[in-house]
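Student: Structure for the following, please:
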Amino acid sequence: MPSSKTIGQRLFDLFKIVLCSFGVVTTFYMVIELTYFLSVPDYEKLERKSRDPWLKTSWALLTNTALVSLFILQHSLLASLKIKDAFEVYGMKMIYRSLYVITTAGILLFLMRHWQTTPDTILWQLNLHYKPLWWVYAGIHFLSWVIIYIGNICTDVTELLGIKQVYYSVFNLPDPNLRKSAQLKRLTSHMRHPSFLAFLLIFWLYPVMSLDRLLLANILTMYMYIAWNTDERDYNYHKYQYERKHFELESLHGY
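Tutor: Residues are numbered from 1 along each chain as shown. The predicted structure is shown next:
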C-alpha cells in the first residue's frame, strides 16, 4: 500500500479487505449449499406426512413465497440505479459488490435454512434407483452447474465478487470498469449471470416435483425472464467476441 496514506485511510483499506474476504468466503459456502439444495432431493423431509395436509401445505407455500420474494427484493433493490448512485456519491462504490454478494449469500442461506417442503402433494417422482435414469439426471445437472460456474468465471469472477474493485481502490488504481467497452457494460447490465437454459434445467428437471419446488421453479423462471432482457445488439456483440476469440486461438495454433 502507498506510504502516503493516513492511519484512517489504512484502517478503511483494512476494512475493505476484510469485508471483501468475508464476501468471497460466504459466497463460496452459499454456492455449495445452493448446488446441494437445488440438485439433491431431501427424501427424509419428503417422507414426513402431516395430519392436516391442507393447512401444512398452505402455510409452507405462504412461507416459501415470502422467502423467495425477500430474495427478489434484495436482488432488485441493490441492483437499482438509485442504490448504485448512492454508493458512488458517498465514496463507497468500491465495496458495493462486496456488500451485494454478502447480502445475496445471507438471504439465500436464510431461504434454504427455512424452506418448507410440501410432502403431501407430489406432482411427479422419478425413480433414481434406476441407474440409467440416475446417470441422465446427474449428468444433466452436473453439466448445467459446470456451464454456470465456467460462465461466471469467464465474465470476470473477480469483478463479480468485488475483489477487483477493492484491489484497485487499495492501490489507488483507476476504476476497473473504465476499461470495459460500452457494449460489454450493456450486455452485463442485461444478463449478469449465465446461463438461462442451465438454470431452467436445474429448476425443472427435478426428480421429486412437490408443490414447493414447483413454486420455486415458477417464480425464479419468471424473475429471470423479466430480469434478463438481452436483445439483438447484445447477441451480435457476444457473437463478435466469440468469433474474435476463435480466430485468435486458431492463429496461436498456427504457430
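
Student: Counting neighbours, what do you get for the nearest residue to M94 once chain neighbours are set aside?
Tutor: Residue nearest to M94 in three dimensions, not counting chain neighbours: S169, with 3.8 Å by Cβ to Cβ, 6 or more residues apart in numbering. Quick note: C-beta positions are derived from backbone N, CA and C, even for glycine. If you count neighbours by other Cβ atoms under 10 Å, S169 ends up with 20.

Student: List phi and psi for S169.
Tutor: Taking degrees, to the nearest 10, you get phi -70, psi -40 for the backbone angles of S169.

Student: who's in contact with it?
Tutor: Residues touching S169, when contacts are defined by Cβ atoms under 8 Å, 6 or more residues apart in numbering, comprise 13, 16, 94.

Student: Select from those every entry located in helices.
Tutor: Using DSSP state H, the members of the contacts of S169 that fall within helices are 13, 16.

Student: Save the contacts of S169 as TSV, and put in neighbour count, pLDDT and distance to Y149 too.
Tutor: Rendered in TSV, the data for these read as follows (neighbours: other Cβ atoms under 10 Å; pLDDT from 0 to 100; distance: Cβ to Cβ, whole Å):
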residue	neighbour count	pLDDT	distance to Y149
D13	19	91	30
K16	20	95	26
M94	24	91	25
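
Student: Now tabulate the contacts of S169 in a markdown table and tack on distance to T65.
Tutor: Formatted as a markdown table, the entries for the contacts of S169 read as follows, by distance: Cβ to Cβ, whole Å:
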| residue | distance to T65 |
| --- | --- |
| D13 | 42 |
| K16 | 36 |
| M94 | 35 |
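
Student: Any regions of the stretch 1-150 of the chain where pLDDT drops low?
Tutor: Under the criterion pLDDT under 70, the flagged ranges of the stretch 1-150 of the chain are 1-3.

Student: residue boundaries of the helices in it?
Tutor: Using DSSP state H, counting those that start in this stretch, the helices assigned to the stretch 1-150 of the chain run over residues 7-39, 43-46, 53-78, 81-89, 96-114, 131-154.

Student: same deal with the stretch 151-255 of the chain?
Tutor: Going by DSSP H, counting those that start in this stretch, the stretch 151-255 of the chain shows helices at 157-160, 163-170, 182-190, 196-204, 211-227, 232-254.

Student: what angle separates the second one from helix 96-114?
Tutor: Interaxial angle, helix 163-170 versus helix 96-114 (axes from the mean of the first three to the mean of the last three Cα atoms, to 10 degrees): 140 degrees.

Student: CA atoms only: put helix 163-170 into PDB for me.
Tutor: The C-alpha atoms that make up helix 163-170 are tabulated as PDB, following Å, rounded to 0.1, in the frame of the first residue of the first chain:
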ATOM      1  CA  ILE A 163     -12.300  -8.400  -5.400                       C
ATOM      2  CA  LYS A 164     -11.100  -6.300  -8.300                       C
ATOM      3  CA  GLN A 165     -12.800  -3.100  -7.100                       C
ATOM      4  CA  VAL A 166     -11.300  -3.400  -3.600                       C
ATOM      5  CA  TYR A 167      -7.800  -4.200  -5.000                       C
ATOM      6  CA  TYR A 168      -7.900  -1.200  -7.400                       C
ATOM      7  CA  SER A 169      -9.100   1.000  -4.500                       C
ATOM      8  CA  VAL A 170      -6.500   0.000  -2.000                       C
END
